[in-house]
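Asks: I'll drop the sequence and a predicted model, then ask my questions.
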Amino acid sequence: MTERGGTRAGAKRRQDLINRSLPICWLCDQPIDTTLPGTHPQGAHRHHKQPIVLGGTDTQANEALVHARCNLTAGDLPAEHSQAFVKQRLGLTTTPQPQTRDWGIG
Ligand SMILES: [Zn+2]
């Protein structure tokens, strides 16, 4: 069997990460309730900042604690794009919204 997220080894690495991390999502900067199971959308997931498929390493330096929903939203986006993408998708972007368009009326 190949190792996937649901294995005992994967669960231990997730728990290790929770134990040594602030309960803040690396992708969206929102708090994580680490008592929720990893199957819950707001539960904690172990995320590779730089995806393995893009050359990221499976090391502590490349892993981060994130929400399950954020992990799934980020997918295999590279590290330099994943945070902005997730925040935008969640409506958390800090960039100012465009002003109301001038429709040429009045
Ligand atoms: Zn998040």
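Replies: Okay, I see it.
Asks: And the helices in this protein?
Replies: 8-20, 68-74, 79-89 (DSSP state H).
Asks: Not counting its neighbours along the chain, what's nearest residue 18?
Replies: Spatially, and ignoring its direct neighbours in sequence, residue 18 is nearest to residue 34 (4.9 Å; Cβ to Cβ, 6 or more residues apart in numbering). For every residue, glycine as well, the C-beta is placed using N, CA and C.
Asks: ignore the last one, residue 71
Replies: residue 45 (4.1 Å).
Asks: pLDDT at the nearest residue to residue 65 once chain neighbours are set aside, what is it?
Replies: In this structure, residue 65 finds its nearest non-sequential neighbour in residue 21, 4.2 Å apart by Cβ to Cβ, 6+ apart. Predicted confidence (pLDDT) at residue 21: the value is 96.
Asks: With residue 8 instead?
Replies: Looking at residue 8, the pLDDT reads 87.
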